[in-house]
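Enquirer: Show me how the following folds:
(chains A and B)
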Number of protein chains: 2
Amino acid sequence: MKLNDRGLLVVVSGPSGVGKGTVRKALFEMPKHNLTYSVSMTTRKQRPGEKDGVDYYFVSKEEFLKRVEEGKFLEHAEFVGNYYGTPLDKVNERLEDGQEVVLEIEVEGALQVKKKVPDCVMIFIVPPGKEALYQRLRKRGTESEDVIEQRIEKANREFKLAKYYDYIVVNDEVSNAADRIMAIIRAEHAKTARSIHKYMELIGEDEE
Amino acid sequence: MKLNDRGLLVVVSGPSGVGKGTVRKALFEMPKHNLTYSVSMTTRKQRPGEKDGVDYYFVSKEEFLKRVEEGKFLEHAEFVGNYYGTPLDKVNERLEDGQEVVLEIEVEGALQVKKKVPDCVMIFIVPPGKEALYQRLRKRGTESEDVIEQRIEKANREFKLAKYYDYIVVNDEVSNAADRIMAIIRAEHAKTARSIHKYMELIGEDEE
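Expert: As a prediction, this is how the structure comes out:
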């Protein structure tokens, strides 16, 4: 029995190359989860086979920027001439419906989300050590040493943002990291701040 | 890999009759736990078969009261002419050793602990509903209606103390309640406030 029925907005972020995507995937493969993800909105052209509302919500640039002005995105960014954003209303619908919404996003986007939804759960994924991350960044592709150095510098800047998050989860093993996140979600539901209203209702008392 | 090596002080409390003892027992029966309990100190006479340092630490009333004055107890109380208390130094030794220390105590004692160890994890066990608790209090013994009424009144007063706790855990099923507490302990270890120091060390940065 959960004491609060509203789902949690879970932000999974961390430095570039830490394996956020793999951890998110492992989360969604866990048995009996109640997790859902948010479909992004984009101004990029719909490709053959892509479905509106499934792969993305496809909108015009004009429509997108109007929504930005109206504060209708949890977070948004521009990437090679196209806009991408997480629609606030869609996320809220799922939360109200009692589903947990997981956003796997870059650190800049994550800090935007925290401002819009202060009661979201901010999780910072970290590597077991700096060297492990550097190795991963090097292995990733065939880029020049310059590009790799830039990535390492970016990761080093991102490392320092851990303090803005609620939890730090070490990605030593993907399944361990996913387990820790599930434990965090369970614990967050039990937090007094989230459950006191429902509890007072349950025991038939007016909150003082 | 845990980011902080120090154990957690976990206070399991809740209204009379909610089944704190049963939940604590289920916790200690879980596989691969790292939980330990604290041996209480008492002024009551050592009974045959009881071992000093195992069942209790047995001390004189004089010694006990001296320790109370020196602030050496996490919490203490008098019960039918004898004193009982949780020694702070013994708890700290285990925490430093990386063990989680679980205290299963009454609500008054729990609030004393919170004052002494502000970073303890305060868990309030609640019944799935008021009626369930009343039934349990009635079934407990063969006491008169008067005694039962007093118990119900006490539970009603205790219900309202939930707001001073970090977590509210519903004891709908003992195993569920124990699972929730284990999730809370895992999540608490991942909390940024507890792990940021170790993390900064790991990535080789001075904390700003």
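Enquirer: Any idea which residue is closest to the centre of chain A?
Expert: A:L103 (2.5 Å; CA atoms, centre = their mean).
Enquirer: For that one, give me the pLDDT.
Expert: According to the model's per-residue confidence, A:L103 sits at a pLDDT of 93.
Enquirer: For chain A, just list every one of the strands.
Expert: Ranges of strands within chain A are A:9-13, A:35-37, A:41-42, A:57-58, A:73-79, A:82-87, A:100-104, A:121-126, A:167-170, based on DSSP state E.
Enquirer: With only the CA atoms kept, save the first one in CSV.
Expert: In this case it means strand A:9-13. The C-alpha coordinates for strand A:9-13 follow below in CSV (Å, rounded to 0.1, in the frame of the first residue of the first chain):
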residue,chain,number,x,y,z
LEU,A,9,9.2,12.5,-11.6
VAL,A,10,12.6,10.8,-11.6
VAL,A,11,15.4,12.6,-13.4
VAL,A,12,18.3,10.3,-14.3
SER,A,13,21.4,12.4,-15.3
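Enquirer: which secondary element of chain A has the worst mean pLDDT?
Expert: helix A:130-139 (a mean of 78; mean pLDDT, DSSP states H and E).
Enquirer: and it, is it in reach of chain B?
Expert: Yes: when contact is scored as CB under 8 Å from any CB of the partner chain, part of helix A:130-139 falls within range of chain B: A:K130. The way it works is simple: take the backbone N, C-alpha and C, and place the C-beta from them, glycine included.
Enquirer: Tell me what angle that helix forms with strand A:121-126.
Expert: In this structure, helix A:130-139 runs at an angle of 80 degrees to strand A:121-126, with axes from the mean of the first three to the mean of the last three CA atoms, to 10 degrees as the basis.
Enquirer: got the contact list for helix A:130-139?
Expert: Contacts with helix A:130-139, where a contact means CB atoms under 8 Å, 6 or more residues apart in numbering or on different chains, come from A:15-19, A:127, A:148, A:151-152, A:155, A:159, B:202-204.
Enquirer: cool, and stretch A:42-50?
Expert: Residues beyond stretch A:42-50 that count as contacts (CB under 8 Å, 6+ apart) turn out to be A:D52, A:Y56, A:Y57, A:F58, A:V59, A:S60, A:K61, A:F64, A:N82, A:Y83, A:Y84, A:G85.
Enquirer: how about a cut-off of 7 Å?
Expert: Outside of stretch A:42-50, the residues that reach it under the criterion CB atoms under 7 Å, 6 or more residues apart in numbering or on different chains are A:D52, A:Y56, A:F58, A:V59, A:S60, A:K61, A:F64, A:N82, A:Y83, A:Y84.
Enquirer: In terms of residue numbering, what are the domains of chain A?
Expert: Following automatic domain parsing, one gets these domains for chain A: A:1-34+A:99-208, A:38-97.
Enquirer: about what we covered before: most neighbours of all the contacts of stretch A:42-50, which one?
Expert: Within these, neighbour counts (other CB atoms under 10 Å in any protein chain shown) peak at A:F64, which reaches 23 neighbours.
Enquirer: and the longest helix seen in chain A, what other elements does it pack with?
Expert: If each helix of chain A is counted by residues according to DSSP state H, the longest one is helix A:174-190. Judged by 3 or more CB pairs under 7 Å, 6 or more residues apart in numbering or on different chains; DSSP states H and E, the packing partners of helix A:174-190 are helix A:20-28, strand A:121-126, strand A:167-170, strand B:167-170, helix B:174-190.
Enquirer: which stretch in these is the model least sure about?
Expert: When I compare the helices and strands packed on helix A:174-190, helix A:20-28 is least confident, with a mean of 91.
Enquirer: ok, now which ones touch A:D166?
Expert: A:V121, A:M122, A:I123, B:K191, B:T192.
Enquirer: now these as JSON lines including distance to B:K72?
Expert: What follows is those, written out as JSON lines (distance: CB to CB, whole Å):
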{"residue": "A:V121", "distance to B:K72": "38"}
{"residue": "A:M122", "distance to B:K72": "39"}
{"residue": "A:I123", "distance to B:K72": "39"}
{"residue": "B:K191", "distance to B:K72": "28"}
{"residue": "B:T192", "distance to B:K72": "32"}
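Enquirer: where does chain A dip in pLDDT?
Expert: For chain A, residues meeting the criterion pLDDT under 70 lie at A:1-4, A:140-143, A:205-208.
Enquirer: let's see it at 50
Expert: Scanning chain A for pLDDT under 50 picks out the ranges A:207-208.
Enquirer: what does chain A put close to chain B?
Expert: With the criterion set to CB under 7 Å from any CB of the partner chain, chain A comes near chain B through A:1, A:3, A:126, A:128-130, A:159-160, A:162-163, A:165-170, A:172, A:180, A:183-184, A:186-187, A:190-192, A:195-196, A:199, A:202-205.
Enquirer: Return the residues in contact with the residue nearest to A:K116 when sequence neighbours are not counted.
Expert: Using CB to CB, 6 or more residues apart in numbering or on different chains and skipping the chain neighbours, the partner closest in space to A:K116 is A:L74 (5.5 Å). Shown here is A:L74, whose contacts under the criterion CB under 7 Å, 6+ apart are A:T86, A:L88, A:V91, A:V113, A:K116, A:V117.
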